[in-house]
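Chemist: My questions are about this predicted structure, shown below with the sequence.
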Amino acid sequence: MSAERLAHNVFFQLKDNSPAQVDALVAACKKYLNVQPGIVFFATGPRCQELTRDVNATDWDVGLHLVFVDKAAHDAYQDDATHNQFIAEMKGNWASVRVFDSYV
């Protein structure tokens with residue numbers, strides 16, 4: 001499986017989910033989490049609040065979506081200094097973080 005691309009989806013629920021704090025987290029994702037080698041797709045943004053069907057999860061504020069060339073690139077990303085700096089700077093406002101990883 002290691003030769004397959006790996007999708008890394010992270011959903012952040014914020015303690016303070018004001019528009020300014022949502023924007024700050026999105027900006028930090030763009031600054032720190034789009035610079036590591038092996039990323040083939042990057043996107044981040046706020047939850048689309050207009051979608052409220054029964055199947056829509058609404059207990060999160062910011063989504064981060066990455067696809068890595070393979071699991072090894074994902075594993076290197078987890079230990080990357082900019083990834084660790086992002087965590088150190090932003091984790092104080094996280095109420096919860098959920099991670100969904102899959103091969104794609």
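Modeler: Received the coordinates, thanks.
Chemist: What is the burial count for Phe86?
Modeler: 18 (other CB atoms under 10 Å). Yep, even glycine has a C-beta here, placed from its N, CA and C like the rest.
Chemist: part of a helix, is it?
Modeler: Yes. Membership of Phe86 in a helix is supported by DSSP: H, G, I helix; E, B strand; the rest coil.
Chemist: Any stretches of the protein with poor pLDDT?
Modeler: Applying pLDDT under 70 to the chain flags residues 1-2.
Chemist: any idea what sits nearest the residue most central in space within the chain, other than its immediate chain neighbours?
Modeler: To find the centre residue of the chain, average its C-alpha atoms and take the closest one (CA atoms, centre = their mean): that gives Leu64, at 2.7 Å. In space, not counting the residues next to it along the chain, Leu64 is nearest to Val10; the distance is 4.2 Å by CB to CB, 6 or more residues apart in numbering.
Chemist: Give the helix, strand or coil label for the one you found.
Modeler: Judged by three-state DSSP, the three-state class of Val10 is strand.
Chemist: Please apply the same query to Ala57.
Modeler: Secondary structure assignment for Ala57 (three-state DSSP): coil.
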